[in-house]
Structure formats: C-alpha cells, structure tokens
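**Q** Attaching a predicted model along with its sequence, questions to come.
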Amino acid sequence: MSNQLRDLFDNNRRWAAATEAREPGFFTRLAQQQSPRYMWIGCADSRVPANEITGLDPGEVFVHRNVANVVVHSDLNALSTIQFAVEHLKVEHIMVVGHYGCAGVRAAMRGIRVGLADNWLRHVHDVRLRHRRRLDHLPPAQQEDILCEMNVIEQVGNVALSTIVQDAWARGQPLCVHGWVYGLKDGLLKNLEVTMDRPESVVGVFSAALKRYPRHAAAGSEAEGDAYHEADTVVGGGTLHS
C-alpha cells in the first residue's frame, strides 16, 4: 500500500476513535438504522461536502452527486437514488445544491471543451442558451455565478416534475424540493427561494425565481422567432414560463 493510501487509513482510525469518544455508541446506532430527513443533490466537486456544510452526521443526509449537480429525466442513476430516498427513506426535503466557481458551469459558460463530459455539460449549456438574454449583458464573472444559480433553479424544476416527486405529492406524502448555492469563498449556503412543495407550485415558483434576473433589452424586435430568445423553458416534458 502506498504511503498516501496508508495516510487515509490512519486518518480513518483517528476519526473513528475521536467520534466514538465524543459520542459513545455512535457507530452502533448508525449501523442499525438509516433514517435521513434530507436528500442532497450536489456537485461532485471535492470542496463541497454535504455533511460538513450542513453540520449533519452520517445517516442524517442522503447524498447524490454528479458534475454540475444536473438532474435529467434520462439519468437512471439520479432517478433511482431519488426514488429510494423518497419512497423507502421517506425524506421530507430534497435540496439541489450548486456552488459558485463550479468548473462544469464555467466550461458551459465559456464553451470550454473538457472531453466526454461535454455531452453531460450540454444540459448546463442548454440552460445558458435558454436564458442568454438574462446573462449576456452581465460581466463575465457575474455571468458564471448567475448561471450557477439558474442551473440550480432548472434542476429543481426537473426534480419537481419527475414522476417520483409527482407521485409522492399525489399520494399526499410531505415533500419539498429546494434550490441552494454554496459559496466556496465564505462557506455559506444561499437559499434561492425556489422551494416547490406541491404540483401547483412548480410553474409559479420557477417563473418568479427566473424573473429576479432581468433581461437585457433586445436591440431589435422582441419577436425574433428564436425559441431560445423566448422565455419559455421546457422542463420534464412541461413548459415553465420564465
């Protein structure tokens, strides 16, 4: 075993010992039951650890992560994780959490090629195209931050319109979907005020959230015939008007 990997095992032993000393019986209780109230859907970035950011112990938050915290209706990995969280663990809150300084969002914003992941980041690039009139008039650094927020808002809509969440609401299961962004520079979470807790709330919450980002006045006619120039955003087979 390399010294680097040996260090990880040493760290693990120290952490386990310190945890057990601080809270005797912690691991015994943890092994007996997993009953989180929260599901975190976040970016795979190693600087964004869900448990530490929220001050929760293992077992208190169910986590799914991928590049740029994207949720699409063809991703069986994400959907299976959401279904397990909703139907078996009975989580009450799903948080979609992006972060400022996201390399995936930056690549989509700047058109940077990164390889195979370009196909995945196309989802974020599509968000950028749909809302370019709300982005292109901003300074470059602000564009990336706002696209991080818009991407979260879109993914919250995707989660809320999934069959899993729609079915949960239909059977009266209490479940809220939230959108947050984490700041790498200050360690703080920002609530994007995009909570959806019933089918009727999805379109209105989505629309109100995006209207916080003003569009740049177009030089020509508003009716340019460009579908991406218009304010309609298609999410999960439904149209959300921004």
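**A** Here it is on my side, so go on.
**Q** Regarding residue 155, what are the backbone dihedral angles?
**A** phi -70, psi -30 (degrees, to the nearest 10).
**Q** any idea how far it is from residue 104?
**A** For residue 155, the distance to residue 104 equals 12 Å [Cβ to Cβ, to the nearest Å]. C-beta: built from backbone N, CA, C; applies to glycine.
**Q** Run a quick neighbour tally on residue 10.
**A** Using other Cβ atoms under 10 Å, residue 10 has 10 other residues around it.
**Q** from the chain's centre, how far out does the helix or strand that it is a member of sit?
**A** When secondary structure is defined by DSSP states H and E, residue 10 falls within helix 3-22. Averaging C-alpha positions (Cα atoms, centre = their mean, to the nearest Å) puts helix 3-22 30 Å from its chain's average.
**Q** and what of stretch 124-131?
**A** The answer for stretch 124-131 is 16 Å, by Cα atoms, centre = their mean.
**Q** picking up where we left off before, which residues are contacting the helix holding residue 10?
**A** For helix 3-22, the surrounding residues in contact (Cβ atoms under 8 Å, 6 or more residues apart in numbering) are 1, 26-27.
**Q** Please list the members of these that lie in strands.
**A** Members of the contacts of helix 3-22 lying in strands (criterion: DSSP state E): none.
**Q** are any of the residues you listed buried, and which?
**A** Among these, those buried by neighbour count (16 or more other Cβ atoms under 10 Å) are residue 26.
**Q** pLDDT-wise, what's the bottom of the contacts of helix 3-22?
**A** The pLDDT minimum for the contacts of helix 3-22 sits at residue 1, where the score is 83.
**Q** Please enumerate the strands of the protein.
**A** Along the chain, the segments classed as strands by DSSP E run 38-43, 61-66, 93-99, 176-182, 189-191, 232-235, 238-241.
**Q** how about the helices in the chain?
**A** Secondary structure of the chain, counting by DSSP state H: helices at 3-22, 26-32, 50-54, 76-83, 103-110, 117-130, 132-135, 140-160, 163-170, 202-210.
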